[in-house]
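Participant: here are the coordinates; sequence isn't available:
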């Protein structure tokens, strides 16, 4: 049944008079999220949106369209590429520098959901690549025993904000965040409650949707910090808290692959059953059936034969699908990682990487800055003046040192040109040593072993001296 929905007619709604009304930046970004969010839902979500993404042809019966829709499968190009890029970012664990032990221990469950910093970084990076930017609120319970924790918000959850320049830096003066809270209902049920968190420097308000659909003030109070503890990271920034998905073009190609694959699958299904055709047979005759135990009487000039397509058009469709897959690989790996799958010279690859790594380099740098800012807010909650810093991996592709390079490093160390710390650090970055290898612990253990070896000869000399002094004098030398 025709829905009358025009996918490209995306009108901006909202009066900006209610607390849950999104601002203009949100309305500008929202059309760019729709397709990507549908692709993240996989084949089920694409089928649920049916005519939005898979159009019904003119004079195509509803039953025929439903059958074609049921046979259509959406390839997971976008999903896998998003996971791959986030996995490359967290291929090596996030390194913490001079972070207090109490914060390090709490980062093993950074979001109070059982996720450590590395898992949290992976999930946060996926959302940042998906939407274009991400925000993190460092919150803490109101009770004295509450510990800080980090909450991630996508741009869809950031309804609006206000900011001003304070002491030369941009500071948030108001922030509205959309949240969903699950509360028990009845003996075994649960209800999902929608609420908006309104943050201002030093205060907060929580407005919940009532049964009539209106938002009412549910809770308010003051916060420990005098500023809004919210950090941002951008993958493709347009303005403050406004961005575009960096892989939007790949999402469009994924949709094209879904539509072309649907056409090919439907045609293969139809052409897989040959059609029996009769020539010279009277049209006024009764219905004819054919089978292994039946015979048909034809007129003198009549005949019957099966009609089936030659399949030449299928080759063009297969090539079209392969071409789309190649374009996705080139956009995902060449433009984002600067590394093509096709064969090319090493010099060309180095040039491509120097030009194309910028996107992932920006993602890594932005993620690192966001973690550093969150560490500052975390330390402020604990009353600590030291927050430390982090380092997010920028070595996106495996680059294990060759045996010749390892031998050259050992020669430099043996000749005294480089220190043991430099040698271990180069081997660690060259993936010769494991990710869990701790350079400082190894240096400390090596120094202790050297001290023990130096002390052993001294102890042995002392033992020999004590043995000599303990030997009895020769009785023959005694005076009678």
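Facilitator: Yes, it's here. All values reported here derive from a predicted model rather than from experimental measurement. Residues are numbered from 1 along each chain as shown.
Participant: average pLDDT across stretch 251-269?
Facilitator: Stretch 251-269 carries an average pLDDT of 86.
Participant: before we move on, what about stretch 216-232?
Facilitator: Across stretch 216-232, the average pLDDT comes to 93.
Participant: next secondary structure after the lowest-mean-pLDDT helix or strand in the chain?
Facilitator: Counting by mean pLDDT, DSSP states H and E, the weakest-scoring helix or strand in the chain turns out to be helix 346-356, with a mean of 46. Remark: after helix 346-356, the chain's next helix or strand is helix 358-382, criterion DSSP states H and E.
Participant: distance from that following helix to the middle of the chain?
Facilitator: Between the centre of helix 358-382 and the centre of its chain there are 16 Å (C-alpha atoms, centre = their mean, to the nearest Å).
Participant: name the residues of the next helix or strand after that helix that are buried.
Facilitator: On the C-terminal side of helix 358-382, the closest following helix or strand by DSSP H and E is strand 389-391. Buried residues in strand 389-391, defined by neighbour count with 16 or more other C-beta atoms under 10 Å: residue 390. Heads up, the C-betas are built off the backbone N, CA and C, glycines and all.
Participant: which strands and helices sit next to strand 389-391?
Facilitator: Helices and strands touching strand 389-391, by 3 or more C-beta pairs under 8 Å, 6 or more residues apart in numbering; DSSP states H and E, are strand 95-97, helix 358-382.
Participant: need the contact partners of it.
Facilitator: Applying C-beta atoms under 8 Å, 6 or more residues apart in numbering, the contact partners of strand 389-391 are 94-99, 368, 371-372, 375.
Participant: equivalent analysis for stretch 73-81, please.
Facilitator: Stretch 73-81 has contacts (C-beta under 8 Å, 6+ apart) with 36, 39-40, 42-43, 46, 247, 250-251, 253-254, 257-258, 261, 265, 325, 328, 332.
Participant: let's see the distance spanning that stretch from one end to the other.
Facilitator: The first and last residues of stretch 73-81 sit 18 Å apart, counting by C-alpha to C-alpha, to the nearest Å.
Participant: hang on, isn't residue 278 packed against residue 299?
Facilitator: No: counting by C-beta atoms under 8 Å, residue 278 does not reach residue 299; the two are 10.2 Å apart.
Participant: residues making contact with stretch 33-52?
Facilitator: With C-beta under 8 Å, 6+ apart, stretch 33-52 has contacts from 2-3, 5, 7, 10, 53-54, 69-70, 72-74, 76, 78-79, 130-131, 155-156, 245, 247-248, 251-252, 254-255, 258.
Participant: ok, the residue nearest the centre of the chain to residue 269 distance?
Facilitator: Taking C-alpha atoms, centre = their mean, the centroid of the chain lies closest to residue 126, which sits 1.8 Å from it. As judged by C-beta to C-beta, to the nearest Å, residue 126 and residue 269 stand 35 Å apart.
Participant: same check, this time on residue 369
Facilitator: 52 Å.
Participant: looking at these two, which one has more neighbours?
Facilitator: residue 369 (17 against 12; other C-beta atoms under 10 Å).
Participant: is the residue lying closest to that one once chain neighbours are set aside in a bridge, and if so with what?
Facilitator: In this structure, residue 369 finds its nearest non-sequential neighbour in residue 233, 6.8 Å apart by C-beta to C-beta, 6 or more residues apart in numbering. Per DSSP bridges, the residues bridged to residue 233 are residue 134.
Participant: since we're on residue 233, how many residues are nearby?
Facilitator: 26.
Participant: low-scoring stretches of the stretch 101-250 of the chain, by residue?
Facilitator: Scanning the stretch 101-250 of the chain for pLDDT under 70 picks out 144.
Participant: let me fix that: the stretch 301-450 of the chain
Facilitator: 301, 304-314, 332-358, 397-401, 428-432, 434-436, 449-450.
Participant: make it 80
Facilitator: Per-residue confidence of the stretch 301-450 of the chain (counting by pLDDT under 80) places the weak regions at 301-322, 326-359, 395-407, 409, 413, 420, 423-450.
Participant: surely residue 251 meets residue 257?
Facilitator: No: Residue 251 lies out of contact with residue 257 (C-beta under 8 Å); the separation is 10.7 Å.
Participant: buried only: go through the contacts of stretch 73-81 for me.
Facilitator: For the contacts of stretch 73-81, a neighbour count by 16+ other C-beta under 10 Å gives the buried set as 36, 39-40, 46, 247, 250-251, 253-254, 257-258, 261, 328, 332.
Participant: among those, which one sits closest to residue 180?
Facilitator: residue 40 (17.5 Å; C-beta to C-beta).
Participant: about what we covered before: ok, for the residue nearest to the centre of the chain, nearest residue in space, not its chain neighbours?
Facilitator: The shortest distance from residue 126 to any residue other than its chain neighbours is 4.4 Å, reached at residue 86 (C-beta to C-beta, 6+ apart).
Participant: and the contacts of the regular element (helix or strand) spanning residue 163?
Facilitator: Secondary structure assignment for residue 163, by DSSP H and E: strand 158-166. Strand 158-166 is touched from outside by 20-23, 26, 135, 170-178, 196, 240-241, with contacts defined as C-beta under 8 Å, 6+ apart.
Participant: give me the subset of those lying in helices.
Facilitator: residue 26 (DSSP state H).
Participant: inside strands: which ones of the contacts of strand 158-166?
Facilitator: Using DSSP state E, 135, 170-178, 196 are the members of these that sit in strands.
Participant: strands along the protein, start to end?
Facilitator: Under DSSP E, the chain gives strands at 95-97, 133-139, 149-153, 158-166, 169-185, 189-200, 203-209, 215-222, 230-234, 237-239, 242-243, 275-279, 303-307, 389-391.
Participant: centre of the chain to the first one, how far?
Facilitator: Centroid separation between strand 95-97 and its chain, computed with C-alpha atoms, centre = their mean, is 21 Å.
Participant: tell me the buried residues in it?
Facilitator: residue 96.
Participant: go on, the third one?
Facilitator: For strand 149-153, burial by neighbour count (16+ other C-beta under 10 Å) applies to 149-151, 153.
Participant: can I get the strands of the chain in TSV with distance to residue 383?
Facilitator: Shown next, in TSV, are the strands of the chain (distance: least, C-beta to C-beta, whole Å):
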stretch	distance to residue 383
strand 95-97	20
strand 133-139	14
strand 149-153	17
strand 158-166	23
strand 169-185	22
strand 189-200	21
strand 203-209	20
strand 215-222	17
strand 230-234	20
strand 237-239	33
strand 242-243	34
strand 275-279	81
strand 303-307	83
strand 389-391	19
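Participant: of those strands, which is nearest residue 439?
Facilitator: strand 95-97 (10.8 Å).
Participant: what lines up beside the closest one in the sheet?
Facilitator: strand 389-391 (antiparallel).
Participant: count the residues that sit near residue 371.
Facilitator: Residues near residue 371, counting by other C-beta under 10 Å: 27.
Participant: hang on, residue 265 packs against residue 72?
Facilitator: Yes: using C-beta under 8 Å, residue 265 and residue 72 qualify as a contacting pair, with a distance of 6.5 Å.
Participant: closest one to residue 421 out of the ones in strands among the contacts of strand 158-166, please.
Facilitator: Among those, and counting by C-beta to C-beta, the member closest to residue 421 is residue 135, at 38.0 Å.
Participant: what sits closest to that closest one if chain neighbours are left out?
Facilitator: residue 153 (4.6 Å).
Participant: cool, residue 156 as well?
Facilitator: Per C-beta to C-beta, 6+ apart, closest to residue 156 is residue 33, 6.4 Å.
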